[in-house]
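Visitor: Predicted coordinates and the sequence they were generated for:
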Amino acid sequence: MGDFRRLIDDVVPVIEALIPDEPAALLGRHTERRRQDHFAVGSVVQQALHAFPSLPAERLLGALELGVARLDLTAPADLVARLRPLPDGSSFGLMSMSGQSALATPMSMVNAVHQGATDLIVEQVRAMLPDLSEVTGDEAAIATKRGAAHLAVAVAVSRAILNALGTPTAADPVAAIGIAIGAAAEILPDVPMPPAYERALLEKRRREYQGMSWSTSAQVFDHEFVLVEELGKTKADFTATGLAGAIDTGFAVRTGIEQGQVPVSVRVLLDEPGPPDLESWDEVAEISYVAVEGDARFGHGATAPWPGEFRVRVCASGRDEDDERYELTIWPQPMSDPLLHKKTDRVGHLLRGEPAPPPISRPEQPYRWLKEVLGEAATVTIITNAGVDDVVGEFEEDSIALEIDGGVLVVEGNNWQGSRGEVLERLSRNGKAASHYWNVNRLTRLSFARAGQVIDAQEVMGHTSFGDAEIQEALEGLSFADYRHLDAKGITAVVRFTGAVIPEDEVRAAIQEKISSWEG
């Protein structure tokens, strides 16, 4: 074994010099294991080669073929003594695998003629893994060295063992290269990266980082959720902002609920953001914190992967109403004092030791249930001075039409007849008709008709320019610049304009009967 090891060690530098950097680095980063189930076909080496990308494998073949053909090295006879070619006249099945065309057939021939040869090569390569403990450099350099060094050993072992078999099938340099790539791809996922690789990979991520954004749900314990590199024992002080406070390796956000989950959107930027959108939030605060290493995980995203001083802007809504959501915007910035952009909820005032404002009264609150039941696309229409029989002909058969106090309510699932101008004109000929439509793409339409004429009909996201005095009265206190519960606000305006009353129990029951047919 010692002589064979010296034989391999002598030739490895020659082979390694032939290996191009790009496919070597790809092999050095290779972590995909072959399938290990009854559906996998071919030998271990064939399966591993099949899991490696075909174009880099072809490039390695082109770079190595001539050099390997000139390699005059042969493994000791006793090493291959148990391997024998099939007797003359024997038949065998040839197993080929798609995806590695130039390499597959020679390898399959070796597997068929010299059964067990590829397993012996893998065994010997494992026994001769190179020592890369002292390898340094950037991520690409370490990955390249790792891939090239292991492949060079695999090529030398493969060529030496196949030469020792002494058949034309085994002498094919393409077979030696294909088996070597497969052996390296099989072995490398189980070989630890060089010690310097983790730090080099982090430095690479830091150089290439461009910021990111994502949405997730945060787990709340004891009225707070945290974004930290690791959990510590320090507790946040919320008295300065009523919303956020720095802790070891990150920060905490104070919630209204004691425990559960809250939706959170996150943006990590490289530069200071513009001014916050104050319309859509109840509380907006900024604090500074220190990242020790960076790269704090939060849901399926992470903060910037470097240490230093950072600023986070926390926006919160619904803490007083059991309807919470949050937005975090994080960027590098030297430490500075906490800053409050907006403070309106009772939770924040109480935490800051300030007199609490009166509870918030939101006009759309009574109709949030209807939006939630109807889901992502629907139209709600109310018609006055009419009966069900007078209006059903204007709507599709699967619509719901109910007589309610003040008129007729029509609910359409994923339809929009009630938002059409000509329909509203006919419906309102003896009184009023109003509708609110929304769809999955967040398109909306709030429409008002009176005495056979459409007074106004507009997209309402951010819109407040309805001119009619009666419509303005119906919109009192409804902010469409605040996108929270936008559709509940539209339904509220429809109810106010028509003077009708929507009975929750009756309407909810009718919708539940229809909801399965709408989904179908």
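Guide: Noted; the coordinates are in hand. Everything numeric in this text was worked out from a predicted model, so none of it was measured.

Visitor: Which stretches in the stretch 101-250 of the chain count as strands?
Guide: For the stretch 101-250 of the chain, the strands defined by DSSP state E, counting those that start in this stretch occupy 212-220, 224-228, 244-247, 250-254.

Visitor: chain center to the shortest one, what's the gap?
Guide: Meaning strand 244-247. 27 Å (CA atoms, centre = their mean, to the nearest Å).

Visitor: Please apply the same query to the second one.
Guide: Taking CA atoms, centre = their mean, the mean C-alpha location of strand 224-228 is offset from the chain mean by 20 Å.

Visitor: contacting residues around that strand?
Guide: The contact list for strand 224-228, computed with CB atoms under 8 Å, 6 or more residues apart in numbering, reads 218-219, 236, 247-255, 262, 264, 296, 298, 303, 312, 328. In this view, the C-beta of every residue, glycine as well, is placed from N, C-alpha and C.

Visitor: What's the ChimeraX line that selects buried ones from the residues you listed?
Guide: A single ChimeraX command selects the buried members of the contacts of strand 224-228 (16 or more other CB atoms under 10 Å):
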select :218,236,247,248,249,250,251,252,253,254,255,262,264,296,298,303,312,328
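
Visitor: Mind giving me the packing neighbours of the longest helix along the chain?
Guide: For the chain, the longest helix by residue count, based on DSSP state H, is helix 139-165. Secondary-structure packing of helix 139-165 (3 or more CB pairs under 8 Å, 6 or more residues apart in numbering; DSSP states H and E): helix 2-16, helix 21-28, helix 54-69, helix 117-127, helix 168-171, helix 173-187, helix 197-208.

Visitor: mind putting the ones you listed in a markdown table, mean neighbour count and distance to M335 included?
Guide: Shown next, in a markdown table, are those (neighbours: other CB atoms under 10 Å; distance: least, CB to CB, whole Å):
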| stretch | mean neighbour count | distance to M335 |
| --- | --- | --- |
| helix 2-16 | 15 | 49 |
| helix 21-28 | 22 | 39 |
| helix 54-69 | 18 | 47 |
| helix 117-127 | 20 | 52 |
| helix 168-171 | 16 | 68 |
| helix 173-187 | 27 | 48 |
| helix 197-208 | 15 | 21 |
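
Visitor: Export those as TSV, with columns for distance to G147 and mean pLDDT.
Guide: As requested, the helices and strands packed on helix 139-165 are exported to TSV (distance: least, CB to CB, whole Å; pLDDT from 0 to 100):
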stretch	distance to G147	mean pLDDT
helix 2-16	10	92
helix 21-28	3	97
helix 54-69	10	95
helix 117-127	14	95
helix 168-171	25	92
helix 173-187	7	96
helix 197-208	12	92
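
Visitor: now stretch 340-352: mean pLDDT?
Guide: On average, the pLDDT along stretch 340-352 is 96.

Visitor: CSV please, covering the strands of the stretch 101-250 of the chain and showing mean pLDDT.
Guide: CSV is the format used below for the strands of the stretch 101-250 of the chain (pLDDT from 0 to 100):
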stretch, mean pLDDT
strand 212-220, 97
strand 224-228, 97
strand 244-247, 97
strand 250-254, 98
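
Visitor: how far away is I15 from H30?
Guide: Computed as CB to CB, to the nearest Å, the I15 to H30 distance reads 18 Å.

Visitor: swap that for T167, please
Guide: Distance, T167 to H30, by CB to CB: 30 Å.
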